[in-house]
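Novice: Give me a 3D structure for the following:
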Amino acid sequence: MKLQDKRSLVIKYLKEAIDLDYGEELYIPAESRNEQKHLLGTIIKEIRILERIDPLTASSLIIHGAFKSHRLWVVLKKVASSPTTAFRRGEDGQVERIDFKFDSERSRRIRLMFQDGLSIDEIREIEGELTPEEELLLNAKEKEA
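Specialist: Residues are numbered from 1 along each chain as shown. The predicted structure follows:
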């Protein structure tokens with residue numbers, strides 16, 4: 001199978017995994033350990049690409065190899081944990097939920113504007129007030145350039 005065909009197949013696997021309900025798993029058979037390792041690596045590369053486009057979706061997928069029912073598998077699982085949720089426990093033992101707002105489309109637009117050469121002020125004019133995280137990221141990238 002050609003490399004491009006394998007990549008297309010892996011992308012189809014990822015689309016199917018994204019459409020799973022939380023907690024469901026997609027099992028992909030592998031004929032040998034070598035094939036399993038190669039498939040794991042290829043899927044991980046595609047998930048890294050997905051992270052740049054949609055980090056929340058990418059973070060909901062877990063991948064691992066398995067040996068089950070006398071067969072080798074690559075397993076993609078969709079999990080419900082969110083990277084935008086954290087919990088803080090105070091000295092009194094009370095647990096407080098913290099939700100972080102994350103707009104991947106806005107982040108993508110800001111990143112593209114910066115790559116296109118817009119200044120931070122121009123980006124601020126278009127997108128409105130920037131979050132402290134966005135300011136920090138853009139200032140760091142501006143210093144790199």
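Novice: which strands and helices sit next to whichever strand or helix holds residue 14?
Specialist: Counting by DSSP states H and E, the element that carries residue 14 is helix 3-18. Packing contacts for helix 3-18, counted by 3 or more Cβ pairs under 8 Å, 6 or more residues apart in numbering; DSSP states H and E, involve strand 25-30, helix 33-53, strand 61-68, strand 71-78. The way it works is simple: take the backbone N, C-alpha and C, and place the C-beta from them, glycine included.
Novice: quick check: angle from it to helix 33-53?
Specialist: Calculated by axes from the mean of the first three to the mean of the last three Cα atoms, to 10 degrees, helix 3-18 forms an angle of 70 degrees with helix 33-53.
Novice: Check which residues of helix 3-18 are buried.
Specialist: For helix 3-18, a neighbour-count test (16 or more other Cβ atoms under 10 Å) marks 10, 13-14, 17-18 as buried.
Novice: same thing with stretch 65-75?
Specialist: Across stretch 65-75, burial judged by 16+ other Cβ under 10 Å covers 72-75.
Novice: Pull up the gap between the residue most central in space within the chain and residue 65, please.
Specialist: The residue lying closest to the centre of the chain (Cα atoms, centre = their mean) is residue 58, at 2.6 Å. Here residue 58 is placed at a distance of 19 Å from residue 65 (Cβ to Cβ, to the nearest Å).
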